[in-house]
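A.B. asks: Just need the structure, nothing else, for what follows:
(chains A and B)
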Amino acid sequence: MTSPVPTLPVSLAANPRLSSWVKLSGDGRVAISPGKVEIGQGIVTALAQIAADELDIDIGRVEMIRASTATSPNEGVTSGSLSIQQSGRALRHACAEVRQRFLVAASERLGVDAALLNVDDGTISGPGNVRTSYWELAGDVSLDHDATPGATAKIAARRAVAGHSVQRVDIPDKVFAQPRFIHDLALPGLLHGRALRPDMSGAKLIALDESAARAIPGLVAIARDGGFAGVIADSEAAADAALKALRKGATWSAGEALPNEEDLAGFLKSQPVETTIIDTRLASAPRKRAQTLRRQYTRPYIAHASIAPSCAMAQWDGDHVHVWTHSQGVYLLRADLAIVLKLPAEHIVVEHMEGAGCYGHNAADDVALDAVLLAKAAGGRPVRVQWSRHDELSHAPFGAAMAIEIEADLDADKEIVGWRHSIWSNGHAARPGRATQPALLAASEIANPYPRMVSTNPPAANGGGGDRNSVPLYDFPAWTITSHRLLTMPVRTSALRTLGGQGNVFAIESLLDEIAVLRREDPVAFRLRHLRDERARDVIRAAARRAQWRPQKQAGIGHGVGFARYKNTGAYCAAIAEIEGTDDIRVKRLTLAVDVGEAINPDGVINQIEGGAIQATSWVLKERVRFDRTRITSASWTDYPILTFSEVPAVDVEIIQRPEIEPVGAGEAAHGPVTAAIANAVFDCLGVRVRDLPITRDRIIAAMELAS
Amino acid sequence: MSILQFRLNGDAIAVDADPDHMLLDVLRGRLGITGAHFGCGAGECGACHVMVGDRAMTSCDMPMWSVADKDVVTVEGLGTAERPHPLQRAFISEQAMQCGYCASGILITAAALLRRNPSPTEAEVREALDRNLCRCGSHNRMVRAVLRAASEMAAP
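C.D. replies: Numbering: from 1, shown residues only, chains lettered A, B, ... in the order given. Okay, the predicted model is just below:
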């Protein structure tokens, strides 16, 4: 029997040079340089833990370097709950190899067998009280070598930092107002820019009278490139005033018609589509169908609605430009900028700085191109461009609306014998840097514009897009899963947390609940009976135990359960919701159990699950992008309300820690299960199925009318 | 433009500003105090909260003329890493944020609440924070942190 050939982790194979990940500095510190970025999820801390563990140094010695195309390994995009899997594995391997190289050098210098040496906070010691350190040896050990597959990381039991709840490295700066956000960085000579965007969807700038804007004190320049226009001023107030004046001088084309927001399913099902059979399973011995349940579920367009508007800075130096961005992918953004600017990529440095919480492909990349275009008129001074709240809620990409139809064939015992799941949705990804044409908003506005990219879906191997989580984990004997991707895109869509996962889990878990009720079977028992994966069963059992399932029936209170394994390959999560249904639905408590394999920072995982559960509650109860036939109308917090402190449920999370299993991300695991658990609790409480999100008072009344 | 005098984080200051300009612009621009954040510009999200007297108020829609002679505190005025306010210490202990962009406004709202009501109930904390939006879902941690700070401040 041959043992498998050792291979490098994916990110390390793509960027094998050790020094691109790890560098020693003379002052007793170690610089760690991942290609993944902090987007509010605490990834930088978890990666620092992994590095500290493998190098045997105190985490306080670790200096985490922000990703930049000038220096960092290219790890694509920080998305899909993959940072721990990709960057974490690469760093674990790279740091283990670096440690080994230092031990070899120490062995030579000290004349002691490397196997007898011990590392404690970077100090290497051995028998006879001999000692040296990483920093003493730094001159002898070159890290300008490619990683080799042979290095072995510590076994789980020997890890001292990973697996423990370490305090996040960025939080002190944030409570003491030390500038970390791109919005707060003061560069010498900084100017402020604003881009002009239409109110009407898809309208083009036809004519522009600049005279009123030119009269605004503090105006530095008006930039114009075809249908793209904007202002630069010496203060934010002046930039805002100049933009307001410029808007009055703008003449726009009529724009493009938007769908009827009251009939999203009708719109989605009437468009030209590309149809893909995602998966089929044929029954070995078909069982007789006695009835078929046919149900349709919808979810609306959902906004990222980050608390900060998107922001970027750019500074030109001849035909080179430096860009500061909170994009999820510095290299991908650079690739799109290079296309638009018609410059070699090497002329562009894209450097990450933190923005507010990022939940997918928001306007971070768009505003970076705005900044680059506006800064052309700044005479070499840096320009910071910040979008308005209105633009953030109307021009940034949205999570795509979905219509999902499931037909479940039941036999005479109401057991599932066939399952057909069909999805109609725009694609869930139109990220920059992945096509021959740019995905950035201003690229469709400049002279010689690029066409607006119609969003597509990632392949099934990457978790799919609209079809994400549509293949059941349950042991149904037969199924067909079909995805219809729209080829038109009147409302701009791209990646939002879970892509299609939230909608598909909502649909599957709602119908399962309905069938369990039809069978008079407990919904937890029903799920356990149809699952073979022990990790799946464990999270459901843990959540049920913790929530004391099934609580006694009380008037006005409902309980529901939901489960999914994110992407069918990531974190397992089960949720139980307790709701109160009087005039409005109030979610009182969410109880979750989650299995991410090895939880590098357990409190960080809990934080992500709590946050995901609360965000999902907000989506389910309140959120829906509103529009009339000409424009997005939900462009303020009043018109796009999100869950407030008084409305937030108690959230209780149990982690099933599995140190021996490769870790996966936690950021998107809760959304689907929580959505389904709330919907099922609404049925438990009120006796009606609401199949159209969000679950508002109007939707409940409509469902009651339909039922009676 | 006119000279406007007020107290900022305990210091008397005078700025030459348009009385109709908003406090947030002056803080973040001229004065380089970036703790209060821009979120919406319409007083709807609380990211720009500053404390005026014992009240948390939005600074993005607060004209400079209304600030004259007032006592204004931003998150920078609450405490420092060396001498943290109990709320700042509690936010670290509870790891009470994800991205943290809303946190400075929330710290200010909480500080104003504790000035008026040193031992609030959980419901009172939530009600006080209702004008602050958080998108990451860190609400419950923040509420726990405020209660922790309150009990710490009440301890003899």
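
A.B. asks: quick one: the helices in the stretch 101-250 of chain A?
C.D. replies: Ranges of helices in the stretch 101-250 of chain A, per DSSP state H, counting those that start in this stretch, are A:134-137, A:171-175, A:211-214, A:236-248.

A.B. asks: tell me how far the third one is from the chain's mean position?
C.D. replies: To tie it back to what came earlier, the one meant is helix A:211-214. 41 Å (CA atoms, centre = their mean, to the nearest Å).

A.B. asks: mind listing what's buried in that helix?
C.D. replies: residue A:213 (16 or more other CB atoms under 10 Å in any protein chain shown). In this view, the C-beta of every residue, glycine as well, is placed from N, C-alpha and C.

A.B. asks: go on, the second one?
C.D. replies: When neighbours are counted by 16+ other CB under 10 Å, the buried residues of helix A:171-175 are found to be A:171, A:174, A:175.

A.B. asks: The last one and residue B:107 touch, don't they?
C.D. replies: Yes. Applying CB atoms under 8 Å as the test, residue A:175 and residue B:107 come out as touching, 6.7 Å apart.

A.B. asks: So for the two, which residues contact both of them?
C.D. replies: Shared contacts of residue A:175 and residue B:107 (CB atoms under 8 Å, 6 or more residues apart in numbering or on different chains): B:75, B:88, B:91.

A.B. asks: Which ones among those residues map onto strands?
C.D. replies: Under the assignment DSSP state E, the shared contacts of residue A:175 and residue B:107 contribute nothing to strands.

A.B. asks: Out of those, which are close to chain A?
C.D. replies: B:75, B:88, B:91 (CB under 8 Å from any CB of the partner chain).

A.B. asks: Take these and write them to a markdown table, including pLDDT and neighbour count.
C.D. replies: Listed next are these as a markdown table, based on pLDDT from 0 to 100; neighbours: other CB atoms under 10 Å in any protein chain shown:
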| residue | pLDDT | neighbour count |
| --- | --- | --- |
| B:75 | 98 | 29 |
| B:88 | 98 | 26 |
| B:91 | 98 | 30 |
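
A.B. asks: So which of those belong to helices?
C.D. replies: Counting by DSSP state H, these place B:88, B:91 in helices.

A.B. asks: ok, now which ones touch residue 133?
C.D. replies: You didn't pick a chain, so chain A it is. Here residue A:133 is in contact with A:122, A:123, A:124 (criterion: CB under 8 Å, 6+ apart).

A.B. asks: oops, I was thinking of chain B
C.D. replies: Residue B:133 touches A:307, A:637, A:642, A:644, B:39, B:44, B:45, B:46, B:47, B:102, counting by CB under 8 Å, 6+ apart.

A.B. asks: what distance separates the longest helix along chain B from the centre of its chain?
C.D. replies: Selection of the longest helix in chain B by residue count, based on DSSP H, yields helix B:139-154. Distance of helix B:139-154 from the chain centroid (CA atoms, centre = their mean) equals 16 Å.

A.B. asks: So that helix, near chain A or not?
C.D. replies: Yes. Helix B:139-154 lies within reach of chain A by CB under 8 Å from any CB, at B:139, B:140, B:141, B:142, B:143.

A.B. asks: got those as TSV, with neighbour count and pLDDT columns?
C.D. replies: Below are those laid out as TSV (neighbours: other CB atoms under 10 Å in any protein chain shown; pLDDT from 0 to 100):
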residue	neighbour count	pLDDT
B:139	27	98
B:140	22	98
B:141	24	98
B:142	28	98
B:143	23	98
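
A.B. asks: now, among the contacts of residue A:133, which is nearest to residue A:417?
C.D. replies: residue A:122 (62.5 Å; CB to CB).

A.B. asks: Chain B: strands as residue ranges?
C.D. replies: So, for chain B - with DSSP E - the strands run B:2-8, B:11-17, B:49-52, B:55-58, B:71-73.

A.B. asks: want to try a markdown table for those, with distance to residue A:459 as columns?
C.D. replies: Shown next, in a markdown table, are the strands of chain B (distance: least, CB to CB, whole Å):
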| stretch | distance to residue A:459 |
| --- | --- |
| strand B:2-8 | 55 |
| strand B:11-17 | 56 |
| strand B:49-52 | 45 |
| strand B:55-58 | 46 |
| strand B:71-73 | 53 |
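
A.B. asks: can you tell which of those is closest to chain A?
C.D. replies: strand B:11-17 (9.6 Å; CB to the nearest CB).

A.B. asks: List of residues touching that closest one?
C.D. replies: Outside strand B:11-17, the residues that reach it (CB under 8 Å, 6+ apart) are B:1, B:2, B:3, B:4, B:5, B:6, B:7, B:26, B:30, B:31, B:64.

A.B. asks: pretty sure residue A:659 is in a strand, no?
C.D. replies: No. The assignment for residue A:659 (DSSP: H, G, I helix; E, B strand; the rest coil) gives coil, which keeps it out of a strand.

A.B. asks: give the contact list for it.
C.D. replies: A:156, A:157, A:159, A:163, A:598.

A.B. asks: how far away is it from residue A:19?
C.D. replies: 30 Å (CB to CB, to the nearest Å).

A.B. asks: Over to residue B:124?
C.D. replies: Residue B:124 is 54 Å from residue A:19, by CB to CB.

A.B. asks: try residue A:249
C.D. replies: The value you get for residue A:249 to residue A:19, if CB to CB is used, is 53 Å.

A.B. asks: ditto for residue B:67
C.D. replies: 52 Å.

A.B. asks: So those two - more neighbours on which side?
C.D. replies: residue B:67 (26 against 15; other CB atoms under 10 Å in any protein chain shown).

A.B. asks: so the closest residue to the more buried one other than its chain neighbours bridges to which residues?
C.D. replies: With CB to CB, 6 or more residues apart in numbering or on different chains as the criterion, residue B:67 has its nearest non-adjacent residue at 5.0 Å, and that residue is residue B:6. Taking DSSP bridges as the rule, residue B:6 bridges to residue B:13.

A.B. asks: okay but residue B:6 is in contact with residue B:72, surely?
C.D. replies: Yes. If you go by CB under 8 Å, residue B:6 and residue B:72 touch, sitting 5.8 Å apart.

A.B. asks: which of these two has more neighbours?
C.D. replies: For residue B:6 versus residue B:72, neighbours defined as other CB under 10 Å are more numerous around residue B:72 (23 against 19).

A.B. asks: ok, the more buried one - contacts?
C.D. replies: B:6, B:7, B:8, B:9, B:23, B:50, B:51, B:52.

A.B. asks: tell me how far the ends of stretch A:27-34 are from each other?
C.D. replies: Across its full length, stretch A:27-34 reaches 21 Å between end residues, using CA to CA, to the nearest Å.

A.B. asks: I misspoke; the intended subject was stretch B:58-73.
C.D. replies: So stretch B:58-73: terminal residues 12 Å apart, CA to CA.

A.B. asks: how does chain B divide up, domain by domain?
C.D. replies: B:2-77, B:86-154 (automatic domain parsing).

A.B. asks: Out of these, which is the most enclosed?
C.D. replies: Mean neighbour count (mean count of other CB atoms under 10 Å in any protein chain shown) peaks for domain B:86-154 among the domains of chain B, with a mean of 22.

A.B. asks: give the contact list for the residue nearest to the spatial centre of chain B.
C.D. replies: Centroid-nearest residue in chain B: residue B:108, 2.5 Å away (criterion: CA atoms, centre = their mean). If you count contacts by CB under 8 Å, 6+ apart, residue B:108 has them with B:36, B:49, B:50, B:51, B:56, B:73, B:74, B:75, B:78.

A.B. asks: Now it: closest residue in space, sequence neighbours ignored.
C.D. replies: Nearest non-adjacent residue to residue B:108 (CB to CB, 6+ apart): residue B:49, at 4.3 Å.

A.B. asks: follow-up on the earlier one: possible to save the helices of the stretch 101-250 of chain A as JSON lines with mean pLDDT and distance to residue A:609?
C.D. replies: Listed next are the helices of the stretch 101-250 of chain A as JSON lines, based on pLDDT from 0 to 100; distance: least, CB to CB, whole Å:
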{"stretch": "helix A:134-137", "mean pLDDT": "96", "distance to residue A:609": "36"}
{"stretch": "helix A:171-175", "mean pLDDT": "96", "distance to residue A:609": "18"}
{"stretch": "helix A:211-214", "mean pLDDT": "98", "distance to residue A:609": "48"}
{"stretch": "helix A:236-248", "mean pLDDT": "97", "distance to residue A:609": "37"}
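
A.B. asks: Thanks a lot, catch you later.
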